[in-house]
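Q: Below are the sequence and a predicted model for it; my questions follow.
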Amino acid sequence: MSTLDRSIARAGPKTRAKAPAPGLRAMLIAAGLAVVGAGLLQVVQTSNVTSTGYHIQGLEEARLEWGARVHQLEAEVASLASLERVEQEARGRLGLVPAERRLYLEVNAPLPAQQLLPTRFAPAEPPEESSNGSWWQDLLDLLPFF
Amino acid sequence: MPRRSGRLTWRLFIVAVVLTASAAGLVGRLAYLQIVRHDHYVREAQGEHISRQVVRAPRGAILDRNGYPLATTVQAYDIYIERKAWQDPQVARQAAELLAPIVGQEPEAILGAVLSDEKGDYLLAWGLDFDAGRRIIELAPAGVKAVNSFSRHYPEGDLASALIGFLGRDHVGLAGLEATYDKALGGTPGSVYFERDSLGNPIALGRRYGREPQAGSDIRLTIDRYVQRLAEDELDRQVAAHGASGGTIMVMDPRTGAILAMASRPSFHLTQLDLSGEVDVELFRNRAVSDVYEPGSVMKVVTMATAVDLGLVGPNSTYYDEGVVEVPGATIENWDFSVNGLTTATQLLQKSLNTGAVWLSGLIGPERFYEYLQRFGFGEETHVGLGGEAAGLLRSSDEDGWYPVDLATNSFGQGIAATPLQMITAVAALANEGRLMRPYVVQEVAGPHGQRVFEPVAVRQAVSEYTAKTLVQMMTEVVEGVPYHLARTPGYRVAGKTGTTLVSIPGGYALNSTIASFVGFAPAEDPQIIMLVKIDQPVDDPLGGIVAAPVFRELAPQILAYLGVEPDGTQFVQGP
């Protein structure tokens, strides 16, 4: 900046030296700030991407773990509903024994609804429409490279 | 001093040409490498820093007809140890001590196995429990990799072991339905590509892309877990009670061919299967479809059906039983050496007379007899959809090695071999108005791309509806018309036929060893189930009527009540 001042002082009259081109200086400062800002933006953006990447990775791991837990619970429910366990409960907890004499009765009452275990390919609930998008996110989506 | 000319000398010209040619060569080479061979070098470069990992698809479940899982998949881990990372003995020991209590091995055993002369990663544990795997990941012992995997879980324990089959270490089906439907159950594995560092480890924020695995389809069987369990428990009891070497019990819906239960012994324990040691592969066979036997007197109903269908006899047609009949090459007697005099066709079945069957075969003639056997499905696979199915042994009269005596012996089920599945399918045709149904055990395959439902298939009309009804009537007389028949079932009218045959051995028959069997269906007037009971080599009694028939009486009422088939004498109770 001092170099610039000197050159202006040599080239022009004294009255002009007292009022050095404020527009150019401001422009230079603005340009400097813009460069710094752009740099900072890049850093912030990279930092955001990094932390989002970690976050996504964590969420994926959590999803896998919950999926595994769901399968485990399904297997546990299936084991609890197994014939062996039903018989064990009937004999042990309820004190039932195999019938010695069979009496067949017809009862005019509806059967309880059958409770089946969940199967992997049972029709899934329709996904709810996402409504958490913000206007700036939509705007960013329109821009290239984002 | 002579002044140099500004003109291009020949030396300079040569230098210029050489330089230009060199430059052109370099440009050409660069163009070749960067344009022509671009894809190749891109692939090579990616190969250097991009790794590919196969992601196994979750294997589909095997469900019973009501949707209860017989085999399902849970997430597990395969634990690998990188040998290079265990070069330092102290590091190796620390890691081994961390791993030992989780994988249930001694640290010394782990160290011994890993620090051998072999190279590459060592597979320490396969299909390790999910929680145990997570613990290892959290402890992060040096050089240990936990790779996502799956393991099979059997909620019903060893139920239907031979039918379900099992997987190998590579998660490929090796036996049973697991092998037959391996492609559908296994799904499509995915793959993940990721950037790796110089040690081959993934770079945390490097590029990562790939294809998601596609889960395998679920398979819904026609097998009912309750009926299957009844059959297996009863078979185990009977094999033990009679000191038998094995046996088979099958239950089928004769109207559709759907198999409700398929139990055979000896078999293996699915939940205790260890393929790492010596295994008896004989136990892995599904004997109901892979093993053949001489069906004995049960075959008489097929011979009788043929004669009735041809209009040669009716239930009251008679012949004179002299207790013995001479055929070219053999003298055939009744199983109990009885002489019965004038005998009706129905009595022939009731008393299970060999001489009567020979009489019928003489009326029928060899060509028509074997044509009818083929109509009933003998000598060909049933196409049940299970691996290892046998076609049976049937030698017809136009084949080499056939003798007239074969017609006589085949008529009462000797000299002919069939699988238990073929036998029950043939008799089921009589219970189904003469229509031979294709037996099946898989009723639905449901996967990410939708579902495929297997409908019952009528193979052919084996005999006329009239013939079938006549035979049902005669077979009902066999059970209900004989006092104290051990297959009679309270509440239901039963139609059936017993069979007893000597065990065939190379060069003849083992005279002190039999196969006792019974095939019956109920209720006779509207058959809902058909059951085959076969007990191999019972020690205490050789006869099907004594050994196998009571098994039907024990199981049939339980199965019919479970299926909601109302027995005679049902009381009506007003509900709340």
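A: Alright, I've got the coordinates.
Q: for the residue of chain A found nearest chain B, helix, strand, or coil?
A: Per Cβ to the nearest Cβ, A:A109 is where chain A lies closest to chain B, at 3.2 Å. Using the backbone N, CA and C atoms, a C-beta is placed for each residue, glycine as well. Counting by DSSP: H, G, I helix; E, B strand; the rest coil, the backbone at A:A109 sits in coil.
Q: Could you pick out the residues of chain A near chain B for me?
A: With Cβ under 8 Å from any Cβ of the partner chain as the criterion, chain A comes near chain B at residues A:50, A:53-54, A:57, A:64-65, A:67-68, A:71-72, A:74-75, A:78-79, A:81-84, A:102-109, A:114, A:116-117, A:119-121.
Q: Now go through those residues and say which are in helices.
A: The helices, defined by DSSP state H, take in A:50, A:53-54, A:57, A:64-65, A:67-68, A:71-72, A:74-75, A:78-79, A:83-84 from the residues of chain A next to chain B.
Q: quick one, strands of chain A?
A: In chain A, the segments counted as strands under DSSP state E are A:105-107.
Q: neighbours of residue 47, just the number please.
A: You didn't say which chain, so I picked chain A. Neighbour count for A:S47, taken as other Cβ atoms under 10 Å in any protein chain shown: 10.
Q: To clarify, I was referring to chain B.
A: The burial count for B:G47: 10, using other Cβ under 10 Å.
Q: Please identify which helix or strand holds it.
A: Here B:G47, judged by DSSP states H and E, is contained in helix B:38-49.
Q: Give me the next element, helix or strand, following that helix.
A: strand B:50-55.
Q: what is the rounded mean pLDDT of that next one?
A: Averaging pLDDT along strand B:50-55 yields 79.
Q: And whatever helix or strand comes next after that strand, what does it pack against?
A: Counting by DSSP H and E, the next helix or strand C-terminal to strand B:50-55 is strand B:62-63. Judged by 3 or more Cβ pairs under 8 Å, 6 or more residues apart in numbering or on different chains; DSSP states H and E, the packing partners of strand B:62-63 are strand B:69-82, strand B:218-221.
Q: Lowest average pLDDT across the ones you listed?
A: strand B:69-82 (a mean of 90).
Q: Sheet-wise, list the partners of that one with their directions.
A: strand B:62-63 (antiparallel), strand B:121-129 (antiparallel), strand B:144-153 (antiparallel) (DSSP bridges).
Q: Just the element for the residue lying closest to B:G329 once chain neighbours are set aside, please.
A: Leaving aside its chain neighbours, B:G329 sits nearest to B:V405 (4.2 Å; criterion: Cβ to Cβ, 6 or more residues apart in numbering or on different chains). Assigned by DSSP H and E, B:V405 belongs to helix B:404-411.
Q: Which of the residues in that helix are classified as buried?
A: B:D406, B:L407, B:A408, B:T409, B:N410, B:S411 (16 or more other Cβ atoms under 10 Å in any protein chain shown).
Q: So for the fifth one, what's the pLDDT?
A: In this model, B:N410 is scored at 94, pLDDT.
Q: Would you check how far apart it and chain A are?
A: Distance of B:N410 to chain A, given as Cβ to the nearest Cβ, to the nearest Å: 41 Å.
Q: since we're on the nearest residue to that residue once chain neighbours are set aside, how many residues are nearby?
A: For B:N410, ignoring the flanking residues on the chain, the nearest one in space by Cβ to Cβ, 6+ apart is B:I416 at 4.6 Å. By the criterion of other Cβ under 10 Å, B:I416 has 24 neighbours.
Q: tell me which residues of stretch B:102-109 are tucked away?
A: B:I102, B:V103, B:P107.
Q: Distance of the spatially most central residue of chain B relative to chain A?
A: Central residue of chain B (Cα atoms, centre = their mean): B:G176, 3.2 Å from the mean position. From B:G176 across to chain A, the span is 19 Å (Cβ to the nearest Cβ).
Q: Pull up the per-residue confidence for that residue.
A: Confidence score, pLDDT, at B:G176: 94.
Q: Identify the residues contacting residue 65.
A: Because you didn't say which chain, this covers chain A. Going by Cβ atoms under 8 Å, 6 or more residues apart in numbering or on different chains, A:E65 touches B:R134.
Q: That was the other one, I meant chain B.
A: B:R220, B:L221, B:T222, B:I223, B:D224, B:A258, B:L260, B:Q443.
Q: Could you rerun that using 6 Å?
A: Shown in contact with B:R65 (Cβ atoms under 6 Å, 6 or more residues apart in numbering or on different chains): B:T222, B:D224.
Q: for it, phi and psi?
A: The phi/psi pair for B:R65 (degrees, to the nearest 10) reads phi -60, psi -20.
Q: got a pLDDT number for it?
A: 92.
Q: Same question for A:F146.
A: Listed pLDDT for A:F146 reads 50.
Q: ok, the nearest residue in space to B:A487 that is not next to it in sequence - contacts?
A: Setting aside the residues directly before and after it, B:A487 is nearest to B:A549 in space (Cβ to Cβ, 6+ apart), at 3.9 Å. Taking Cβ under 6 Å, 6+ apart as the criterion, B:A549 is in contact with B:L486, B:A487, B:T498, B:F518.
Q: Now do the same for B:R452: helix, strand or coil?
A: Of the three states, B:R452 takes strand under three-state DSSP.
Q: what's the closest non-adjacent residue to it?
A: Going by Cβ to Cβ, 6+ apart, B:R452 has B:V445 as its nearest residue, at 4.8 Å.
Q: hmm, back to that, quick check: phi and psi on the residue nearest to B:N410?
A: phi -140, psi 140.
Q: Let's see the pLDDT reported for it.
A: For B:I416, pLDDT reads 93.
Q: can I assume it is in contact with B:T409?
A: No - judged on Cβ atoms under 6 Å, B:I416 makes no contact with B:T409 at a distance of 7.8 Å.
Q: Just give me the neighbour total for residue 40.
A: Because you didn't say which chain, this covers chain A. 11.
Q: Not quite, go with chain B.
A: Count around B:H40 with other Cβ under 10 Å applied: 10.
Q: re earlier: next step: the contacts of B:A549 restricted to strands.
A: B:T498, B:F518.
Q: Can you say which of the contacts of B:A549 are buried?
A: Applying 16+ other Cβ under 10 Å to the contacts of B:A549 flags B:L486, B:A487, B:T498, B:F518 as buried.
Q: measure the second one to B:A31 for me?
A: B:A487 sits 89 Å away from B:A31, taking Cβ to Cβ, to the nearest Å as the criterion.
Q: And for the first one?
A: Applying Cβ to Cβ, one obtains 92 Å for the distance of B:L486 from B:A31.
Q: Closest residue of the stretch 101-250 of chain B to chain A?
A: For the stretch 101-250 of chain B, Cβ to the nearest Cβ, closest residue to chain A: B:P155, 3.7 Å.
Q: Quick check: closest non-adjacent residue to B:A495.
A: That would be B:M475: by Cβ to Cβ, 6+ apart, it lies 3.7 Å from B:A495.
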